[in-house]
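Visitor: Predicted model, plus sequence, below.
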Amino acid sequence: MARYLLTRAWHSALTLLLSTVVVFLGVRALPGDPALALAGEDRSPEALEAIRHHYGLDQPLPIQFGQYVARVVQGDFGVSIRTGIPVSSMLGTALPVTVELSLLAIVLAAALGVGAGVLAAVRRGRPAEWLANGLALIGLSVPHFWLGLLAILYLSVAAGLFPASGFVPLLQDPVGNLHHIVLPAVILGTGLAAIIMRQTRSAMLEALSSDHVRTAKAKGLRPRAVITRHALRNSLIVVVTIVGLQLGGLISGAVVTEQIFGLPGFGKMTIDAVFQRDYPVIQAVVLLTATAYIVINFLVDLLYSVIDPRIRVTGEPA
Amino acid sequence: MTTVERAAASAATSGSPVLAVRDLSVSFRTESGTVSAVDRVSLDLAAGEIVGMVGESGCGKSVTAMSIAGLLPDSARVTGSVRLEGAELVDARESVLRRVRGKEIAYIFQEPMTSLNPVLTVGRQIGEVLQVHERMSRKAARARAVELLSLVGIPSAATRVDTYPHQLSGGMRQRVMIAMAVACGPKVLVADEPTTALDVTVQAGILQVLRDLRDRLGTTILVITHDLGVIADIADRVVVMYAGRVVERAPVIDLFAQPRHRYTAGLLAASPTPGRHAGTERLQEIPGLVPVLSAQPDACTFADRCPAADERCRQAVPPLDAVGAAVTDHLAACWHPCPAPRPQPQETTG
């Protein structure tokens, strides 16, 4: 296991370094000059040169990259070109919003998706399955920015059930925080819930017709035990894989959702940064996203071995 | 007592069988219409008896076995009667059947790799039965699982109990299946193709375990197989099935010595026997395939493949009868049975 973890860690580090290079070069390949964006009215060559020198943009790329990596390793993502605020402190306020939004969306989507998927498989050919399938189809096909607008229109503005926009930090007011974030989380989670539901349903159908489920029935177990202990657990491996793959979609979905609900998160920060050619912020955002991906993948792999002992790498008796 | 003596004794003494199947019919609703899988099968299992059920793939033997404890899918329609010590199981409530399954009637299935749950330890899977039926604690169930693993001949059971199915060999897995099946001391053990997926050497070991269980615990065993070798090895009595019907029923020795139904004769001729086929003699195949029937015809279902078939065979179902044999517990459903055996002294019958 230790060896496996080491290999995985090494691969992760390599992936991270590569994504850093890609981000660094990619940002610089974008059309548009940050010096121009910053200069405002005064676009004299001297002023632009001064700005470039101030932010180290006049250095050769390899040196810029080396300096960048050296700083990132120390937790210093630089200073926003647009606002002059250190990127790390911008992340400090934006990241918790997005993390909370995404986690809540995942939890809601998993609970709803797995529940509906199991129900659809067990009640195959009955109204419960049709309902679950119909809802999944809607969840998959309706874009969530539109769903979000509808939710604001009907649930927030007309019915007044939820605030239409804004955010309260969790530590400051937990109830208010939940009140603000639950609707965006539901909207963000719909697509994921639909995908999880479809995957759970098909994995459960396969598991329910498998030989070992027949054995479980032949042992005289209750249907609940047969379904949860013998069919669902074997189906979860598929579900975990899908959730892991879909998390990327969730991050990009968070960008849109935050924009719609006016949440001061990571997504909003990213969009603003891209429009302003705010290199340090973009780099930090993409690097963090890449890190999140790598960490999630790693966690998914670890989860596999918890769910399915055949994937465990260690402790094989002869 | 030899097994044959025991079978003869039990058949003679026991008035009421442990399991009595009467006129059991099973049909399935499919997208292409109804398919009849089992037609009016009757069968008695006496206490401590090993009965073999043999036939080609698709002859209805597994469906018969599964229907005994109501394990068929919802698309199956089961009629007739299955009585376990007098209690009716066909159309019994699910809660009643749940108490029977694993406790009174236990199953062993063909493929021990897929029949065990890959993500639970074998100890947990054995313990589960005990927790459900014997209300044992998880700890006690685990301890009992170790004993059961030793009982079925798994070495170092105390450590094996915590392994997963994929860490065991095929034979070991099948022993785990058996341990799981006998955990609650069932009255009837249904073994559906218990050795089909195993090497011949491993197969012999598994059959020995089954025999031991019968001898030590008095378990009644129904062995379902397409392998006449397995039948010859382990069964006291044999039931031959063809296209959903019982076509012949006999003590194992009589069946092999003198098959009466033309189908049984064909099956035996198609199996290699040391001595008989030692030379260059070719094995005889039975031409054609087992028919898939939408309804059971008023005819012998084997008629189309039978060398002795005539008009009568195609117009009436032959009854399962003693067909003039010397031994009265040898029955065959055939209008033109193979010639009756010559009366000869049999040293093994009591």
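Guide: Now that the structure is in, tell me what you want to look at. Everything numeric in this text was worked out from a predicted model, so none of it was measured.
Visitor: quick one: residue B:52 and chain A, what's the gap?
Guide: Applying Cβ to the nearest Cβ, to the nearest Å, the value for residue B:52 to chain A is 20 Å. Glycine gets a C-beta too; all of them are placed from N, C-alpha and C.
Visitor: pretty sure that residue contacts residue B:237?
Guide: Yes. Using Cβ atoms under 8 Å, residue B:52 and residue B:237 qualify as a contacting pair, with a distance of 7.2 Å.
Visitor: what touches both of these two?
Guide: residue B:252 (Cβ atoms under 8 Å, 6 or more residues apart in numbering or on different chains).
Visitor: Out of the helices and strands in chain A, which is least certain?
Guide: Considering only helices and strands, the least confidently modelled element of chain A by mean pLDDT, DSSP states H and E is helix A:34-39, at a mean of 72.
Visitor: in that one, what's buried?
Guide: A:34-35, A:38 (16 or more other Cβ atoms under 10 Å in any protein chain shown).
Visitor: Against which helices or strands is it packed?
Guide: Other helices and strands packing on helix A:34-39, by 3 or more Cβ pairs under 8 Å, 6 or more residues apart in numbering or on different chains; DSSP states H and E, are helix A:45-54.
Visitor: Next, the buried residues of the helix it packs on.
Guide: Burial within helix A:45-54, assessed by neighbour count using 16+ other Cβ under 10 Å, is assigned to A:48, A:51-52.
Visitor: what residues does it touch?
Guide: Under the criterion Cβ under 8 Å, 6+ apart, residues A:33-36, A:38-39, A:57-58 lie in contact with helix A:45-54.
Visitor: returning to that earlier point: quick check, nearest of the buried residues of helix A:45-54 to residue A:181?
Guide: Looking at the buried residues of helix A:45-54 and their distance to residue A:181, the nearest is residue A:51, at 38.4 Å (Cβ to Cβ).
Visitor: do you know how far that closest one is from chain B?
Guide: As defined by Cβ to the nearest Cβ, residue A:51 lies at a distance of 60 Å from chain B.
Visitor: Any regions of the chain where pLDDT drops low?
Guide: You didn't pick a chain, so chain A it is. Within chain A, the stretches falling below the threshold (pLDDT under 70) are A:1, A:312-318.
Visitor: you looked at the wrong chain, it should be chain B
Guide: By pLDDT under 70, the low-scoring segments of chain B are B:1-15, B:273-281, B:323-327, B:340-350.
Visitor: For it, which residues are neighbours of chain A?
Guide: With Cβ under 8 Å from any Cβ of the partner chain as the criterion, chain B meets chain A at residues B:69, B:71, B:97-103, B:106-107, B:109, B:111, B:114-121, B:128-129, B:132-133, B:159, B:163-164, B:166-167, B:177, B:180.
Visitor: Now, of those residues, which are buried?
Guide: Neighbour-count burial (16+ other Cβ under 10 Å) applied to the residues of chain B next to chain A gives B:69, B:71, B:97-98, B:100-103, B:106-107, B:109, B:111, B:114-121, B:128-129, B:132-133, B:163-164, B:167, B:177, B:180.
Visitor: hmm, back to that, put together JSON lines for the contacts of helix A:45-54, with distance to residue B:24 on each row.
Guide: Converted to JSON lines, the contacts of helix A:45-54 look like this (distance: Cβ to Cβ, whole Å):
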{"residue": "A:33", "distance to residue B:24": "86"}
{"residue": "A:34", "distance to residue B:24": "83"}
{"residue": "A:35", "distance to residue B:24": "88"}
{"residue": "A:36", "distance to residue B:24": "87"}
{"residue": "A:38", "distance to residue B:24": "87"}
{"residue": "A:39", "distance to residue B:24": "91"}
{"residue": "A:57", "distance to residue B:24": "86"}
{"residue": "A:58", "distance to residue B:24": "91"}
